[in-house]
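# I'd like to go over a predicted model; first the sequence, then the structure.
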Amino acid sequence: MLINEIFYSLQGEGVHMGKASIFIRLSRCNLRCSFCDTEFDTGTEMTLEELRDAIAPYPGRRIIWTGGEPTLQLTAETVAYFKALGYHQSIETNGTRRPPEGLDYITCSPKKEAMTLLHRNFPNGVGEFRFPVGSSADLPPAVSELPPAGAYLLSPIFVGETQGEADSAAIELCVQHILEHPEWQLSLQMHKLIHIP
């Protein structure tokens, strides 16, 4: 697998915010979102055993497969390998591809390219939908148009040179939408706010 980065930190957004997690950021993505904070063209090739050894020192037992788009590399065999080692595994995906079997939790942050694919790619639903919202971005569709999820979240896009500045217009847009559609929740990005690496 081509690995962009491995780090141990707190989950910075969504339903599991604040939980100690091992982030395995995979290289490669099939989209090029302007607000993405990942350089995903390069990385280090690692075998499953090398990856196992790299994360072994961390006391946490939660892996978050992220990227780029992790479904380009993550397989059911890889998920089964780390499940056998006792890891809880989540994925953060853009929704354009079906995730491998065996994952414990799916976070889908769908982009426009994925909207017509969601029911096909997630026939059993997801743990959470997390829609990024900018001050000029489209708001998400109605919950009734999406596959089932444990939570429906709006996440204001951060801006600035390092994408670490809160966009007050995006936050206001999210708040107003949630007030009008209370089935949605706000998901601020804790790692952006307090600079968790």
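Sure, I can see it. Numbering: from 1, shown residues only.
# ok, and what's touching the longest helix along the chain?
Taking DSSP state H as the assignment, the helix of the chain that covers the most residues is helix 168-180. The contact list for helix 168-180, computed with Cβ atoms under 8 Å, 6 or more residues apart in numbering, reads 133-135, 137, 139, 154-157, 159, 184-186. C-betas here are computed from N, CA, C, even on glycine.
# Closest one to Val15 out of those residues, please.
Gln185 (8.8 Å; Cβ to Cβ).
# returning to what we had before: distance between the helix or strand following the longest helix of the chain and the chain's centre?
Using DSSP states H and E, the helix or strand that follows helix 168-180 in sequence is strand 185-186. Relative to its chain's centre, strand 185-186 lies at 16 Å (Cα atoms, centre = their mean, to the nearest Å).
# Counting neighbours, which bits of the longest helix of the chain end up buried?
By 16 or more other Cβ atoms under 10 Å, the buried positions in helix 168-180 come out as Ala170, Ile171, Leu173, Cys174, His177, Ile178.
# CA atoms only for it - export them in PDB, please.
Provided in PDB are the C-alpha atoms of helix 168-180 (Å, rounded to 0.1, in the frame of the first residue of the first chain):
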ATOM      1  CA  SER A 168     -17.900  32.500   9.400                       C
ATOM      2  CA  ALA A 169     -20.200  32.600   6.400                       C
ATOM      3  CA  ALA A 170     -19.900  28.800   6.100                       C
ATOM      4  CA  ILE A 171     -20.600  28.300   9.800                       C
ATOM      5  CA  GLU A 172     -23.700  30.600   9.600                       C
ATOM      6  CA  LEU A 173     -25.000  28.700   6.500                       C
ATOM      7  CA  CYS A 174     -24.600  25.400   8.400                       C
ATOM      8  CA  VAL A 175     -26.300  26.800  11.500                       C
ATOM      9  CA  GLN A 176     -29.200  28.200   9.600                       C
ATOM     10  CA  HIS A 177     -29.700  24.900   7.700                       C
ATOM     11  CA  ILE A 178     -29.700  22.900  10.900                       C
ATOM     12  CA  LEU A 179     -32.200  25.300  12.500                       C
ATOM     13  CA  GLU A 180     -34.500  24.700   9.500                       C
END
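# I appreciate the help and will end here.
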